[in-house]
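Enquirer: coordinates for the following, if possible.
(one chain, ligands or ions: 2)
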Amino acid sequence: MNELAFLRDTVGSGPAGTAGSSAQHATPALAEADRLMTVCNSCRYCEGLCAVFPAMEMRRSFSDGDLNYLANLCHNCGACYYDCQFSPPHEFSVHVPAALAQVRTESYAQYVWPRAFAGVFARNGLFIAIALAVAVAIFIAGFVAWTDPGVLFGTHTGPGAFYKLMPHNTMVLIFGAAALFAILAIGMGVRAFWRDIGEPDGALRDTGSVWQAIKDAGRLRHLGGGGAGCMNDSERASNRRRSYHHLTFYGFMLCFASTSMATLYHYLLGMQAPYPWYDLPVVLGTLGGIGLVIGPIGLLHDKWRRDPDLSEGTPFGMDVAFLLMLLLTSITGLALLVLRATPAMGLLLALHLGVVFALFVTMPYGKFVHGIYRFLALVRAARELEHP
Ligand code: SF4
Ligand code: SF4
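Expert: Ligands and ions are numbered 1, 2, ... in the order given. Sure, this is the predicted structure:
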């Protein structure tokens, strides 16, 4: 029996739902992913491209948890689509990035906490926009009510200038509550994902695997298409998308470091914001803000130019909404830095805080979670592939 006949007999042909493995799956997307993983397991041509294929080769059958794990391990570099001899219009219709993207998106809704919020992933762009608009409106209205229009549009300089518009303790209370809620919701999602993929709770204390995952995530190892780079709008591989991801991620981390440093300045050193441009919170925030402008713009640009075949299965609205949120956060933050000694400061502070608040509370319900589940999938991959 030749290879094609063997595969046809093993997995059937065409997009699934029905064909393929006899295993029962919760959704047609999982059934399709099972069919494709079974084809790939017989073929194995792509095993050097990323961690998905070596992890797949360790299995002979695929539970829903296995497929959710593999889907979140996929970095959507597109290499296996262009390299595949069975991609459409071949009768096997193998499109691994699309199938795994579909499963990945479904998994976000499956692990969400509280469960009642599962539906927001299907209307993500709209949800983010409404949350953002409401948050900004509440902040601006709060400012006006708390102070008066004269204070809102006045010029305030020197230490404590920001707190003339909103007391520091109120800010801490509001943002502390939003951050705690986001941490709780994401933590519950992490627990659900980790259990679904069959890992014991204590496995996250495997420091060797966690360190390996940190290194893999830090350099986006599996967005490299096996070394040549990832594909976006054509078969030509490039590291451009990876660079934009790095700018976005490290920009975000620098902004986080800036906020943490400002908190230490306030409580440990008794120094009130705004700080001079040469102080650490401002330097970190400025560098992070620049990364968070260039990175999301680059990713949005690449998303618009992406090969429509490669975009299949990816949640366009959710991706764009998250990138726009990051962009708005950095633009309002940088604008506040530049114009903080002018009458525009009050309005810009309201806008910036509103956007940051919306970013916090929508984190567990948007694209942000892809980084969390992908990191956990990397920990598991390190456990089974590199530290078995
Ligand atoms: S994606 Fe195609 S070429 Fe790659 S392993 Fe699967 S079937 Fe083979
Ligand atoms: S990371 Fe790239 S090569 Fe690996 S499964 Fe995903 S799209 Fe294919």
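
Enquirer: does His245 sit in a helix, a strand or a coil?
Expert: Following DSSP: H, G, I helix; E, B strand; the rest coil, the label given to His245 is helix.

Enquirer: contact partners for it?
Expert: With contact set as C-beta atoms under 8 Å, 6 or more residues apart in numbering, His245 has these partners: Leu220, Leu223, Gly295, Leu299. Every residue, glycine included, has its C-beta placed from N, CA and C.

Enquirer: same check, this time on Ala341
Expert: Thr155, Thr157.

Enquirer: if we use 6 Å, what do you get?
Expert: By C-beta atoms under 6 Å, 6 or more residues apart in numbering, the contact list for Ala341 reads Thr157.

Enquirer: quick one, phi psi at it?
Expert: Taking degrees, to the nearest 10, you get phi -100, psi 20 for the backbone angles of Ala341.

Enquirer: measure Phe117 to Thr362 for me?
Expert: 10 Å (C-beta to C-beta, to the nearest Å).

Enquirer: where do the helices of the stretch 51-200 of the chain begin and end?
Expert: Per DSSP state H, counting those that start in this stretch, the stretch 51-200 of the chain carries helices over the ranges 52-57, 64-73, 79-83, 96-111, 124-146, 149-152, 168-196.

Enquirer: sorry, back to before: looking at Phe117 and Thr362, which one has more neighbours?
Expert: Taking neighbours as other C-beta atoms under 10 Å, Phe117 and Thr362 compare with Thr362 leading, 24 against 14.

Enquirer: ok, that one to ligand 2 distance?
Expert: Look at Thr362 and ligand 2: by C-beta to the nearest ligand atom, to the nearest Å, they are 26 Å apart.

Enquirer: what helix or strand is that residue on?
Expert: Using DSSP states H and E, Thr362 falls within helix 345-362.

Enquirer: turn the helices of the stretch 51-200 of the chain into a markdown table, including distance to ligand 1 and mean neighbour count.
Expert: Output for the helices of the stretch 51-200 of the chain, formatted as a markdown table (distance: least, C-beta to the nearest ligand atom, whole Å; neighbours: other C-beta atoms under 10 Å):
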| stretch | distance to ligand 1 | mean neighbour count |
| --- | --- | --- |
| helix 52-57 | 6 | 20 |
| helix 64-73 | 12 | 25 |
| helix 79-83 | 4 | 22 |
| helix 96-111 | 5 | 25 |
| helix 124-146 | 28 | 17 |
| helix 149-152 | 57 | 13 |
| helix 168-196 | 24 | 15 |
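
Enquirer: among the contacts of His245, which one has the most neighbours?
Expert: In terms of neighbours by other C-beta under 10 Å, these top out with Gly295 at 24 neighbours.

Enquirer: name the helix or strand for that residue, please.
Expert: helix 280-305.

Enquirer: residues from the stretch 51-200 of the chain in reach of ligand 2?
Expert: Taking C-beta under 6 Å from any ligand atom as the criterion, the stretch 51-200 of the chain approaches ligand 2 at residues Val52, Cys74, His75, Asn76, Cys77, Gly78, Ala79, Cys80, Val96, Pro97.

Enquirer: who's in contact with the fourth one?
Expert: Taking C-beta under 6 Å, 6+ apart, we find Asn76 in contact with Pro97.

Enquirer: now the third one
Expert: By C-beta under 6 Å, 6+ apart, the contact list for His75 reads His222, Leu223.

Enquirer: separation between it and Leu173?
Expert: Taking C-beta to C-beta as the measure, His75 falls 38 Å from Leu173.

Enquirer: now swap in the fifth one and tell me
Expert: Applying C-beta to C-beta, the value for Cys77 to Leu173 is 43 Å.

Enquirer: so which residues on the stretch 151-300 of the chain come close to ligand 1?
Expert: So the stretch 151-300 of the chain never meets ligand 1 (C-beta under 6 Å from any ligand atom).

Enquirer: what about whichever residue of the stretch 151-300 of the chain sits closest to ligand 2, how many neighbours?
Expert: Relative to ligand 2, the nearest point of the stretch 151-300 of the chain is His222 (5.2 Å; C-beta to the nearest ligand atom). A total of 24 residues lie near His222 under the criterion other C-beta under 10 Å.

Enquirer: you'd agree it is in a helix?
Expert: Yes. His222 forms part of a helix when assessed by three-state DSSP.
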